[in-house]
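> 3D, please:
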Amino acid sequence: MSLYRYMRTLIFFDLPVIKASQRREYRRFVTMLKRNGFFMLQESVYVRMSLNQTAVDNVLEIIRENKPKEGSVAALTITERQFSSIEFIVGNLKTDVINSDERFIEL
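Prediction:
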């Protein structure tokens, strides 16, 4: 089975954080993402790997059920091969993202 059947779901969001209630909503949303296997790619961009489209559909339903009251949230699903072609251009890269399409990576 090919590694390229895997998919990545990217969540992009822009949430207001002016009031205390908005900051609570922001923290609640980010915590929900982390509990569902997402990790931060950069500020307000989280990513998660899924095995197939069914898994993607399930996680997107969870996000819809937990969407913030204000702000915007967008989702983009791409293949693992497309994700592995990300090119980081600016600054020193300090991330937990493994930018490789190798099947076995020793950490």
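
> what's the neighbour count on the closest residue to Arg5 other than its chain neighbours?
Computed as CB to CB, 6 or more residues apart in numbering, the closest residue to Arg5 that is not its neighbour in sequence is Asn52, at 6.9 Å. For the C-beta atoms, the positions are set from N, CA and C on the backbone; glycine is no exception. If you count neighbours by other CB atoms under 10 Å, Asn52 ends up with 10.

> list the contacts of the nearest residue to Ala74 once chain neighbours are set aside.
Leaving aside its chain neighbours, Ala74 sits nearest to Phe12 (4.5 Å; criterion: CB to CB, 6+ apart). Shown in contact with Phe12 (CB atoms under 8 Å, 6 or more residues apart in numbering): 44-45, 73-76.

> any idea how far the residue nearest the centre of the chain is from Leu15?
For the chain, the residue sitting closest to the mean C-alpha position, by CA atoms, centre = their mean, is Val47 at 1.9 Å. Relative to Leu15, Val47 is positioned 17 Å away (CB to CB, to the nearest Å).

> which element is the residue nearest to the centre of the chain on?
Secondary structure assigned from DSSP states H and E places Val47 in strand 45-50.

> that strand pairs with which strands?
Applying DSSP bridges, strand 45-50 is found paired with strand 7-14 (antiparallel), strand 39-42 (antiparallel).
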